[in-house]
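[1] quick one: sequence plus predicted model below, questions after.
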Amino acid sequence: MKVGYVYDPIYLKHDTGQHPENAQRLEAIISHLEQAGLMQQLSLIKPRAATIEEISLVHGKQYISYIQDVAKNGGGWLDVDTVMSPGSYDAAVYAAGGLISATEAVMDKEVGSAFALVRPPGHHATATQARGFCLFNNIAIAAKYALSKYRLQRIAIIDFDVHHGNGTQEAFYDDPKVLYVSTHEFPLYPGTGRIEETGSGDGKGATVNIPLPAGSGDAEYLEVFDQIIVPVVRRFSPQLILVSAGYDAHWSDSLAMMEVSVTGFAKMAGIIKGLADGLCGGRLVFTLEGGYPLDALAASVKATFEVLLGNTNIEDPLGQPQRGFKPPDISSLIKAIKGIHNLP
Ligand SMILES: [Zn+2]
């Protein structure tokens with residue numbers, strides 16, 4: 001099956017200036033994929049603008065108008081770390097729309113799987129608040145859209161960005177149709193994502209948080225995939241898997257203190273692809289969240305595409321971290337999460 005990617009230069013118009021989340025991130029990814037000759041193996045999915053109705057599946061109409069007005073008035077800072085330029089509203093509307101387009105392409109079988117290379121990212125944005133470099137919650141919008149348009153009953157969202165996706169968790173906290181599973185460094189921004197946060201009402205148990213200690217690397221991540229994520233997603237039996245793919249757990253990323261390598265990200269992508277192949281006919285959509293050192297980001301995204309294409313030759317130009325300390329022991333954390341979520 002074909003592997004799709006979403007990209008459009010409109011995403012570069014979200015001009016953040018001297019900011020870790022900047023347009024060079026997507027430029028680095030695209031040029032790396034081109035240089036590697038990978039573009040010819042991928043199908044371009046043209047993004048469309050999300051409609052106001054679609055964005056309001058997650059966000060209040062007043063909030064959407066506010067974001068539009070800030071852009072019209074020249075941009076500015078929305079909080080201490082989230083900034084907008086005049087082009088940011090259009091970019092954000094196309095970022096949400098890009099993930100909708102990717103989801104449509106997968107659901108309509110135009111491609112087998114897809115990766116939306118969009119910005120601004122989305123998983124910190126809540127119904128009424130821009131946060132953590134995010135304006136609209138792209139993945140939450142796409143999930144709500146897919147539930148409604150394709151009448152799905154079960155979507156799994158796997159979020160391996162190093163930060164907890166507070167906005168995504170909030171959007172589905174009481175919704176049994178969406179399983180939200182997150183690995184994240186803890187404690188770290190935004191401060192949510194404790195193991196006791198498991199959902200509420202009908203959604204109780206459909207939020208699975210895996211807060212990992214600083215210094216966790218490939219071994220720890222693969223352990224929690226094996227022990228928690230794989231069994232919990234299998235038990236849920238999703239009809240579609242969406243992935244908040246942030247690469248800021250890479251060992252060279254200075255926004256966090258994790259030790260994951262490009263090889264580790266490729267292995268995680270392989271496990272997720274295996275879940276999609278086994279559970280939902282391969283229906284799998286990745287979307288870009290964080291990841292800031294350009295070389296690590298570009299290499300990690302390329303490795304993810306290689307895995308989606310079924311290629312086994314994964315390059316890791318940055319190699320493994322020099323771990324100058326003892327890796328954290330996460331066995332009691334895994335045991336506690338298994339207890340909370342009734343896993344064997
Ligand atoms: Zn992040």
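    Arrived safely, thanks for sending.
[2] from here on, contacts and neighbour counts on C-alpha atoms
    OK.
[3] neighbours of K72, just the number please.
    K72 has 14 neighbours, counted by other C-alpha atoms under 10 Å.
[4] for it, which residues are in contact?
    P86 (C-alpha atoms under 8 Å, 6 or more residues apart in numbering).
[5] if you set the cut-off to 10 Å instead, what comes out?
    K72 makes contact with 66, 85-89, according to C-alpha atoms under 10 Å, 6 or more residues apart in numbering.
[6] could you do N209 as well?
    So N209 contacts 159, 164-165, 169, 180-184, 192-198, 228-229, 337 (C-alpha under 10 Å, 6+ apart).
[7] give me phi/psi at it?
    phi -100, psi 130 (degrees, to the nearest 10).
[8] and the gap between it and S331?
    15 Å (C-alpha to C-alpha, to the nearest Å).
[9] the stretch 151-300 of the chain: helices as residue ranges?
    166-171, 218-224, 230-236, 262-279, 294-309 (DSSP state H, counting those that start in this stretch).
[10] rewinding a little: from the contacts of K72, which land in helices?
    66, 88-89 (DSSP state H).
[11] okay, the contacts of K72 in a markdown table with pLDDT, distance to the ion and neighbour count next?
    Shown next, in a markdown table, are these (pLDDT from 0 to 100; distance: C-alpha to the ion, whole Å; neighbours: other C-alpha atoms under 10 Å):
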| residue | pLDDT | distance to the ion | neighbour count |
| --- | --- | --- | --- |
| Y66 | 98 | 24 | 14 |
| S85 | 98 | 21 | 20 |
| P86 | 98 | 24 | 19 |
| G87 | 98 | 22 | 19 |
| S88 | 98 | 19 | 28 |
| Y89 | 98 | 21 | 26 |
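[12] the closest residue to the ion within the stretch 201-344 of the chain: neighbour count?
    As assessed by C-alpha to the ion, the ion sits closest to G290 within the stretch 201-344 of the chain, at 4.3 Å. As a burial measure, G290 scores 27 neighbours (other C-alpha under 10 Å).
[13] was I right about it contacting Y247?
    Yes: at 5.8 Å, G290 counts as touching Y247 under the criterion of C-alpha atoms under 10 Å.
[14] and for these two, which residues touch both?
    Common neighbours of G290 and Y247 (C-alpha under 10 Å, 6+ apart) are 160-162, 297.
[15] could you dump those into a markdown table with pLDDT added?
    Formatted as a markdown table, those follow (pLDDT from 0 to 100):
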| residue | pLDDT |
| --- | --- |
| F160 | 99 |
| D161 | 98 |
| V162 | 98 |
| L297 | 98 |
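[16] out of those residues, who has the most neighbours?
    V162 (30 neighbours).
[17] was I right about that one contacting L212?
    Yes: V162 lies in contact with L212 (C-alpha under 10 Å); the separation is 9.2 Å.
[18] so what sits against both of the two?
    Joint contacts of V162 and L212 (C-alpha under 10 Å, 6+ apart) are 183-186, 188, 258.
[19] can you put these in JSON lines and add pLDDT, distance to the ion and neighbour count?
    Compiled in JSON lines, the shared contacts of V162 and L212 are given as follows (pLDDT from 0 to 100; distance: C-alpha to the ion, whole Å; neighbours: other C-alpha under 10 Å):
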{"residue": "T183", "pLDDT": "99", "distance to the ion": "11", "neighbour count": "24"}
{"residue": "H184", "pLDDT": "98", "distance to the ion": "9", "neighbour count": "29"}
{"residue": "E185", "pLDDT": "98", "distance to the ion": "10", "neighbour count": "25"}
{"residue": "F186", "pLDDT": "98", "distance to the ion": "12", "neighbour count": "20"}
{"residue": "L188", "pLDDT": "98", "distance to the ion": "10", "neighbour count": "19"}
{"residue": "M258", "pLDDT": "97", "distance to the ion": "12", "neighbour count": "24"}
